[in-house]
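[1] Coordinates for the following, if possible.
(2 chains)
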2 protein chains.
Amino acid sequence: MNDLFLRACKRQRVSRTPVWMMRQAGRYLPEYRAIRAKNDFLTMVRTPEIAAEVTIQPVDLVGVDAAILFSDILVIPDAMGMNLVMEEAKGPRFPMPLRTRDDIEKLVVPDPSKQLKYVMQAIETTQRGLGKRVPLIGFSGAPWTLAAYMVEGGGTKDFRHIKRMMLDEPETLLALLKKLAVAVREYLEAQIAAGVDAVQIFDTWGGILAPDYYRKFSLDFIADIVATMRHEGVPVIVFSKGAHHALADLAAIGAEVIGVDWTVDLHDVRQLVGEKVALQGNFDPSFLYASPPRIKDEVRSILRKFGMGNGHIFNLGHGILPDVPVDHARALVQAVKEESAMYHA
Amino acid sequence: MNDLFLRACKRQRVSRTPVWMMRQAGRYLPEYRAIRAKNDFLTMVRTPEIAAEVTIQPVDLVGVDAAILFSDILVIPDAMGMNLVMEEAKGPRFPMPLRTRDDIEKLVVPDPSKQLKYVMQAIETTQRGLGKRVPLIGFSGAPWTLAAYMVEGGGTKDFRHIKRMMLDEPETLLALLKKLAVAVREYLEAQIAAGVDAVQIFDTWGGILAPDYYRKFSLDFIADIVATMRHEGVPVIVFSKGAHHALADLAAIGAEVIGVDWTVDLHDVRQLVGEKVALQGNFDPSFLYASPPRIKDEVRSILRKFGMGNGHIFNLGHGILPDVPVDHARALVQAVKEESAMYHA
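    Next up is the predicted model:
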């Protein structure tokens, strides 16, 4: 197996920097769009053979060093009984958002071997398909990010409902987050048992909180999951997008890897936390609209910022955008492969 | 005149912390909505009597310590010939976005006394209406933020066109930013000549750039404006939303006040830069959906973070949201007035 990714997670010596891209199993690939044209998004998520096929596509087509399971962070609230609806234009939606203590008390922590069995089957099917070529990453949303979707009922710019709940009824929100932390931990443990080689916790909305609130309503629950989860030898990546103020704290919770977005300087972050964790990032996803030579320059610049040594996993600072030309994605992967060896000499 | 705001800008002694809210002349006020119901947004901006009336509303209705001229940052590109369109649902739009060097070379730096004369008239009318009760703040968009709207043609999540231009044709973008920096400087000087008591530069999109790009494509131009603008005795406030990585640099460009959003800890920022500049911020605007007692708690918490001494202007970390209850806005202003005196004892 190409174990560059797993070795980099553990800050072990590698011959070059490994690279993968968040949302790499996605719409920018014509081969993905061909499958998507015949199946709706949730059918793809729930059908192990389809999920496995699109998970493996970027390994074959783009040459990434790790696969990440094709799925969605909102499968947990869906498994808790919240009827996830995916609307092409509007994004994910829950028709009955959580607003009261009673709504939250009704939620049941799902049994991953039952309500999320399709995910475990997708992992097994994917691993057979991958045939140990590259590691497979499993994932979950962080409790705060899941709660934001569940309380708002979908995407939002202002997060008014969850922020109102946070201030006016903190105990209600904490009860939800506590339940979600158990669900996330058990879900990730089940993914590990089903065969993933690493797991990532996505905290897409961590960065919308002021620092004190982030610690209390997001970080504490992620830390609790990482501390209590059985994951011997399976690296844990935590990515709290926008939580620039908490990188030192994040590095201390026991995760092997911290993801960083492009609004931080990788050199500075490595100075701050690089001896404790590996770092994953941090190419601006919109830069993939630029021409391949400039993409290569930017890859060089990020590699230079991290500098000599191990513990860097090259990635974007957020998911790849759906209409990026595939050649540009390939140019990024190729540039990392060509330009990074000198930093591991 | 209530000069708390101007004294705080200069870090002079005040009896309590002054407070105003970005976008305080806006839709959350029923009195604003009554005028808006009869006039479209751009008519309000371009009619001095209406602009003056809504500028003064929050002084009377909410009790803020400064007025900010009712206008829009996009009046500059509009004055440069780009036909600004305001669509209720979609926000501002330019039907012919800038995409080539040629597009940019055609733009002419406006003469504020001609194409933006209505702004100067609105300032004069407002000052007569205010009768020196509180200071009046003028403003402009920062070159980077204006360029983002002009190149994208409106709001966007991914800023693909301007980021592509930044990488593939940096000289084209720099030519645009240079022209805009002259336009912004002359526009702010004209506002000062027309009678504003302070000016704010809004860099709404500064935070979407990686640190190195922010310095080269946003900060350098703001710094140039502040360094070359004639503004004796008139404080300059710079607010680059999301530019958490550049606060020390921002504090060194010669502006009297730096605005900060709610994702930074005001105590930490004051430690970093508080001897060089005053700080404006940083209440999470969505917290205004919470109940007045919790709003008061949050005001207390922010005042405590800044701590004893002068040089704090209380504000939100971004504009007030259009459907916040007026009573909640009043509760915030009242809480600052009641709770801040002890920090200036």
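
[2] What about residue A:188, how many residues nearby?
    25 (other CB atoms under 10 Å in any protein chain shown). Just so you know, the C-beta spots here come from the backbone N, C-alpha and C atoms, and that holds for glycine as well.

[3] Distance check, it against residue B:113.
    Residue A:188 sits 64 Å away from residue B:113, going by CB to CB, to the nearest Å.

[4] Which parts of the stretch 151-300 of chain A are strands?
    Listed in chain order, the strands of the stretch 151-300 of chain A (DSSP state E, counting those that start in this stretch) span A:198-203, A:236-240, A:257-259, A:278-283.

[5] Compare these and give me the one nearest chain B.
    Minimum separation from chain B across the strands of the stretch 151-300 of chain A (CB to the nearest CB) falls at strand A:278-283, 7.9 Å.

[6] what angle do that closest one and strand A:236-240 make?
    Strand A:278-283 runs at 40 degrees relative to strand A:236-240, counting by axes from the mean of the first three to the mean of the last three CA atoms, to 10 degrees.

[7] Got the confidence number for residue A:182?
    Predicted confidence (pLDDT) for residue A:182: 98.

[8] interface residues of the stretch 101-250 of chain A facing chain B?
    Selection of the stretch 101-250 of chain A residues close to chain B by CB under 8 Å from any CB of the partner chain yields A:158-161, A:163-164, A:166-168, A:207-212, A:242, A:244-245.

[9] buried subset of those residues?
    Neighbour counting with 16 or more other CB atoms under 10 Å in any protein chain shown marks A:158-161, A:163-164, A:166-167, A:207-211, A:242, A:244-245 as buried within those.

[10] From those, which land in helices?
    Counted as lying in helices by DSSP state H, out of those, are A:160, A:161, A:163, A:164, A:166, A:167, A:211.

[11] which pair in the residues you listed spans the largest distance?
    A:161 and A:211 (21.5 Å; CB to CB).

[12] I'd like the distance between residue A:174 and chain B.
    Applying CB to the nearest CB, to the nearest Å, the value for residue A:174 to chain B is 15 Å.

[13] One more: residue A:205?
    Counting by CB to the nearest CB - residue A:205 and chain B are separated by 12 Å.

[14] Equivalent analysis for residue A:340, please.
    Applying CB to the nearest CB to residue A:340 and chain B gives a distance of 19 Å.

[15] Let me see the contact set for that residue.
    A:16, A:17, A:303, A:314 (CB atoms under 8 Å, 6 or more residues apart in numbering or on different chains).

[16] Give me the subset of these that lies in helices.
    Members of the contacts of residue A:340 lying in helices (criterion: DSSP H): residue A:303.

[17] Residue A:250: which of the contacts of residue A:340 is nearest?
    residue A:314 (19.1 Å).

[18] Excluding covalently adjacent residues, which one is nearest to the closest one?
    Leaving out its chain neighbours, the residue that sits closest to residue A:314 by CB to CB, 6 or more residues apart in numbering or on different chains is residue A:19, at 4.0 Å.

[19] Is it correct that the one you found is in contact with residue A:59?
    No - at 11.8 Å, residue A:19 does not count as touching residue A:59 under the criterion of CB atoms under 8 Å.

[20] Name the nearest residue to residue A:72, ignoring sequence neighbours.
    Leaving out its chain neighbours, the residue that sits closest to residue A:72 by CB to CB, 6+ apart is residue A:45, at 5.6 Å.

[21] that older thread, of the strands of the stretch 151-300 of chain A, give the one that comes closest to residue A:219.
    Comparing the strands of the stretch 151-300 of chain A under CB to CB, the one sitting nearest is strand A:236-240, at 7.3 Å.

[22] Tell me the strands beside that closest one, with direction?
    Strand pairing for strand A:236-240, determined by DSSP bridges: strand A:198-203 (parallel), strand A:257-259 (parallel).

[23] need those in a markdown table with mean pLDDT, can you?
    Below are the strands paired with strand A:236-240 laid out as a markdown table (pLDDT from 0 to 100):
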| stretch | mean pLDDT |
| --- | --- |
| strand A:198-203 | 98 |
| strand A:257-259 | 98 |
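
[24] In JSON lines: those strands, plus mean neighbour count and distance to residue B:55.
    Formatted as JSON lines, the strands paired with strand A:236-240 follow (neighbours: other CB atoms under 10 Å in any protein chain shown; distance: least, CB to CB, whole Å):
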{"stretch": "strand A:198-203", "mean neighbour count": "25", "distance to residue B:55": "40"}
{"stretch": "strand A:257-259", "mean neighbour count": "26", "distance to residue B:55": "44"}
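
[25] will you turn the ones you listed into TSV that also has distance to residue B:218?
    TSV is the format used below for those (distance: least, CB to CB, whole Å):
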stretch	distance to residue B:218
strand A:198-203	27
strand A:257-259	25
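
[26] From the chain's centroid, how far away is the least confident helix or strand in chain A by mean pLDDT?
    Ranking every helix and strand in chain A by mean pLDDT, DSSP states H and E puts strand A:85-87 at the bottom, with a mean of 91. Remark: strand A:85-87 is offset 20 Å from the chain centroid, using CA atoms, centre = their mean, to the nearest Å.

[27] partners of it, with directions?
    Applying DSSP bridges, strand A:85-87 is found paired with strand A:91-93 (antiparallel).

[28] buried set for the partner strand?
    Judged by neighbour count using 16+ other CB under 10 Å, the buried positions of strand A:91-93 are A:92, A:93.

[29] Show me what secondary structure element comes after it.
    helix A:101-106 (DSSP states H and E).

[30] Keeping just the C-alphas, turn that next one into PDB.
    Coordinates of each C-alpha in helix A:101-106 appear next as PDB, following Å, rounded to 0.1, in the frame of the first residue of the first chain:
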ATOM      1  CA  ARG A 101     -35.800  20.800  24.700                       C
ATOM      2  CA  ASP A 102     -38.500  18.400  23.900                       C
ATOM      3  CA  ASP A 103     -37.400  18.100  20.200                       C
ATOM      4  CA  ILE A 104     -33.900  17.200  21.500                       C
ATOM      5  CA  GLU A 105     -35.000  14.700  24.100                       C
ATOM      6  CA  LYS A 106     -36.900  12.800  21.500                       C
END
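
[31] So which elements touch that helix?
    helix A:170-194 (3 or more CB pairs under 8 Å, 6 or more residues apart in numbering or on different chains; DSSP states H and E).

[32] could you list every residue that touches the residue of the stretch 101-250 of chain A found nearest chain B?
    Closest contact between the stretch 101-250 of chain A and chain B, by CB to the nearest CB, is at residue A:167 (3.7 Å). Contacts for residue A:167 (CB under 8 Å, 6+ apart) come out as B:287, B:290, B:291, B:294, B:295, B:297, B:298.

[33] Out of those residues, which end up buried?
    By 16+ other CB under 10 Å, those give B:287, B:290, B:291, B:294, B:295, B:298 as buried.

[34] show me which of these neighbour chain A.
    Within those, those near chain A by CB under 8 Å from any CB are B:287, B:290, B:291, B:294, B:295, B:298.

[35] What about the contacts of residue A:340, which one has the most neighbours?
    Taking other CB under 10 Å as the neighbour criterion, residue A:314 ranks highest of the contacts of residue A:340 with 30 neighbours.

[36] which residues touch the spatially most central residue of chain A?
    Geometric centre of chain A, nearest residue: residue A:202, 4.2 Å, by CA atoms, centre = their mean. By CB under 8 Å, 6+ apart, the contact list for residue A:202 reads A:73, A:139, A:140, A:141, A:142, A:145, A:239.

[37] How about residue A:129?
    A:52, A:53, A:55, A:56.

[38] The residue nearest to residue A:314 - how many residues pack around it?
    The local packing of residue A:19 (other CB under 10 Å) involves 28 other residues.

[39] same question, the one 5 residues further on
    The local packing of residue A:24 (other CB under 10 Å) involves 28 other residues.

[40] Now it. Nearest residue, chain neighbours left out?
    Excluding the flanking residues, the one nearest residue A:24 by CB to CB, 6+ apart is residue A:58, at 4.2 Å.
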